[in-house]
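>>> Quick one: sequence plus predicted model below, questions after.
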Amino acid sequence: MKRYICILTIVSLLLIILASCDLPIDIVQKTPDEADLQAIEITLAPTPRPTPYCPGASSFGKFWEHYPQNFNLLPANSEFLWFYNFQGVQVGSVEAWANFCVPSSFTLVFSTGPEFDDEIYVPVTNPSLVFTAGSLEVRWALTTPLEPMKIYRWVAVGDYNDIQIKYNKISTLHDDTKWPPRSTLFNMGTFLTGPLCALGAIETPVLGFPANGEVISSLRPKLTWNFTNCTPKEYKIQLSKNADLENLANNFWSFSTLDYTVQPVLKYPWLDVSGFNSWQPLPDCTRFYWRVIGTSYNDEAWIREWGEWSEVRSFYVNSGSCPTPTPTLTPNRNADAESSNR
C-alpha cells in the first residue's frame, strides 16, 4: 500500500512541474471508431457461394425428349414429357437436388417437315415437375394447338437467369443427318399432328416434289407429298424406272441400274433416298416414275385399310453429265388409261 501511495505522489509532482514549465501539451482525442480499428485486427472472409453454385451453362445437365416420339400422333391432351438429368451422375435422393443446378424456366422449340427450315418457340408455363433420385421429370400440355397434318421435330431447352441451357440443340432441328431415317439419335422428338384418316375415309396423296417431268440434279433426292383434310398412319411409295407401276410386284426391289425399284412403307410424308445407308443412289441420266398411297389401321381389331393411289409422276435425274439435259417426256400410257377409267 505504501508503494502505491508513493507512485501516485511522484506522478502528481511530475504533473505539477510540467504545468509550471508552461510546456505545450497536445491532447488527441480519438473517436470510438478509430480506436476500434486500431484495437481490432480485421480479417476479410470470402463471400460464401450460393448453393447450388451455377456460374455457366456447363453447370447444368441435359434434356431428354421422351414423348411424343417416333412419328406417333400427338395425344389429344397435347402433353409433352421430357427429362432433365446429369448424364453419368446420380443425384442420389430427392433432397440432393438442392445441390444441383436446375433451369428456372423451359422452352419447347419446334420445326415442321419435310423442309424443317422454320423454328417455333413455345415458352413452358407452370409445368408439372417431379424430382426423383435419378432425374427431373417435366410434363406440360400445349395451350395453343399446332398446325394440323404436319410432322414436327422438337427439342427442350432451358434458362437460368441470363444462362441459356442446351440452346445448341436448336440448330439440329434443321439437320436431317441427326434425325430419322438417317439417324435415331433424336428419334424421341418426332411426332405428327392429326386428324388421322378414319377407315373408309383415307385421302389420296397430293404429290409435291419433284413436279411432273421435272429435271433434278440430286442422285439422292427427297420426294414429298401431302394431304388436305386428314393424315394416314403410314404411306407406301413406289419409285421405279419401270413406267408400269400398276403391274409392279409388291415385293419387288432392285438397286440395279437396269430396273432400279424401291417400295418402302413409311410413317412420314416424304421419301429421302439419302436416308437409307443400304440404298444405292439413283442412276444418273435416268427417268423415274413414282406414286404414293395412304393407309390407316385399327390396332385393336387388326384391320388395315388402303386408300387410293395418287397420280403417277415422272422426273429425270441429271447430275450435269448427261448427253441430253432435258429428254423428251414419255407419257405413261398405263397411268393415263387408269385415270380415264376412274
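Received it, and whenever you're ready, just let me know what you need.
>>> next helix or strand past the strand ranked longest in the chain?
Determined from DSSP state E, the single longest strand within the chain is strand 286-298. Later in the chain than strand 286-298, the nearest helix or strand by DSSP states H and E is strand 303-306.
>>> Report the rounded mean pLDDT for that next one.
Mean pLDDT, strand 303-306: 91.
>>> which helices and strands sit right next to the next helix or strand after it?
Using DSSP H and E, the helix or strand that follows strand 303-306 in sequence is strand 313-317. Where contact means 3 or more Cβ pairs under 8 Å, 6 or more residues apart in numbering; DSSP states H and E, strand 313-317 is packed against strand 214-216, strand 286-298. All C-beta spots, glycine's among them, are computed from the backbone N, C-alpha and C.
>>> what angle sits between strand 313-317 and strand 286-298?
140 degrees (axes from the mean of the first three to the mean of the last three Cα atoms, to 10 degrees).
>>> Report the rounded mean pLDDT for strand 313-317.
Rounded mean pLDDT across strand 313-317 is 97.
>>> quick one: strands adjacent to it?
When pairing is defined by DSSP bridges, strand 313-317 lines up against strand 214-216 (parallel), strand 286-298 (antiparallel).
>>> Which residues does that strand contact?
Under the contact criterion Cβ atoms under 8 Å, 6 or more residues apart in numbering, strand 313-317 has outside partners 207, 210-219, 221, 243, 282-291, 326-327, 329-330, 332.
>>> ok, and for that strand, which residues are buried?
Neighbour-count burial for strand 313-317, with 16 or more other Cβ atoms under 10 Å as criterion, is recorded at Arg313, Ser314, Phe315, Tyr316, Val317.
>>> what's the answer for stretch 190-207, then?
When burial is assessed from 16+ other Cβ under 10 Å, stretch 190-207 yields the following buried residues: Thr190, Phe191, Leu192, Thr193, Leu196, Cys197, Ile202, Glu203, Pro205, Leu207.
>>> so what's the spatially closest residue to the second one that is not a sequence neighbour up against?
Across the structure, with Cβ to Cβ, 6 or more residues apart in numbering as the measure, the residue nearest Phe191 apart from its sequence neighbours is Pro68 (3.6 Å). Contact criterion Cβ under 8 Å, 6+ apart gives Leu74, Pro75, Phe80, Phe191 as the residues in contact with Pro68.
>>> Relative to Asn226, how far out is Met149?
As judged by Cβ to Cβ, to the nearest Å, Met149 and Asn226 stand 7 Å apart.
>>> what does Pro264 give?
With Cβ to Cβ as the criterion, Pro264 and Asn226 are 18 Å apart.
>>> and if you look at Glu308?
15 Å.
>>> Neighbour count: the two, which is higher?
Asn226 (16 against 11; other Cβ atoms under 10 Å).
>>> What confidence value was assigned to the residue positioned nearest the centre of the chain?
For the chain, Val155 is the residue whose C-alpha lies nearest the centre (Cα atoms, centre = their mean; 2.3 Å). At Val155, the pLDDT value in this model is 96.
>>> what secondary structure does it sit in?
strand (DSSP: H, G, I helix; E, B strand; the rest coil).
>>> Count residues in the vicinity of Phe100, would you?
Neighbours of Phe100 using other Cβ under 10 Å come to 20.
>>> Now it: closest residue in space that isn't a chain neighbour?
Pro52 (5.7 Å).
>>> For Val155, give its distance to Lys166.
On the measure of Cβ to Cβ, Val155 and Lys166 end up 8 Å apart.
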